[in-house]
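In: When you get a sec, could you give me coordinates for this:
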Amino acid sequence: MIAALQFDLKAKPGKKNEFHFLLGLTDSVESAIKLKKKCLNKEFFKDELKKIENYTKSNIHKVFINTPDNDINTMANIWLKRQVDLGKTWARTYTKGFRDIMQDVTAFVSLDPAIIPVSNNAKKHDVIVEMS
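Out: Next up, the predicted model:
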């Protein structure tokens, strides 16, 4: 499935414009209309953005590095973490094999150790648990 959007927008200098786009897939026109009514409003977008910000603060912002190079700090503290998180959430864990899943878990464990289920016996000797 492929989708594309194209708009010709003319903004007046100094005027603020706000646009909300909703893309999705449903099984019927009725379902699409319900989703449109629920989601295509200013409050919905503000609430969803707040959820993303809270998630980011609670998971992504647990571990930071600080080097003399701002580019490395930005890459390690923001972009690499987002890449791992998005891969964990949307892609690799659903379509790849065991090794790929283990790589994702290993990368994400320092950001969110609670995602790793550990048996009571293993808790005493598990480096992952000791890191948290």
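In: Mind checking what helix or strand follows the top helix by length along the chain in sequence?
Out: The residue-count maximum for a helix in the chain (DSSP state H) belongs to helix 42-59. The C-terminal neighbour of helix 42-59 among helices and strands, as given by DSSP states H and E, is helix 70-74.
In: mean confidence for that next one?
Out: In this model, helix 70-74 has a mean pLDDT of 90.
In: just stretch 51-58 next, same as before
Out: 82.
In: okay, that stretch in CSV with CA atoms only?
Out: What follows is stretch 51-58 as a C-alpha-only set of coordinates in CSV (Å, rounded to 0.1, in the frame of the first residue of the first chain):
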residue,chain,number,x,y,z
LYS,A,51,1.7,11.1,25.6
ILE,A,52,4.7,10.9,23.2
GLU,A,53,6.6,13.5,25.2
ASN,A,54,5.8,11.7,28.5
TYR,A,55,6.9,8.4,27.1
THR,A,56,10.1,9.9,25.8
LYS,A,57,10.9,11.5,29.1
SER,A,58,10.2,8.3,31.1
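In: buried set for that stretch?
Out: The neighbour-count check on stretch 51-58 (16 or more other Cβ atoms under 10 Å) flags nothing as buried. C-beta: built from backbone N, CA, C; applies to glycine.
In: Report the residue ranges of every domain in the chain.
Out: Using automatic domain parsing, the domain ranges for the chain come out as 12-57, 63-131.
In: Least reliable of those domains by average pLDDT, please.
Out: domain 63-131 (a mean of 68).
In: In this protein, what residue spans correspond to helices?
Out: Per DSSP H, the chain carries helices over the ranges 29-39, 42-59, 70-74, 80-90, 92-95, 98-108, 120-123, 127-131.
In: and T56, how far is that from V63?
Out: With distances taken as Cβ to Cβ, to the nearest Å, T56 is found 13 Å from V63.
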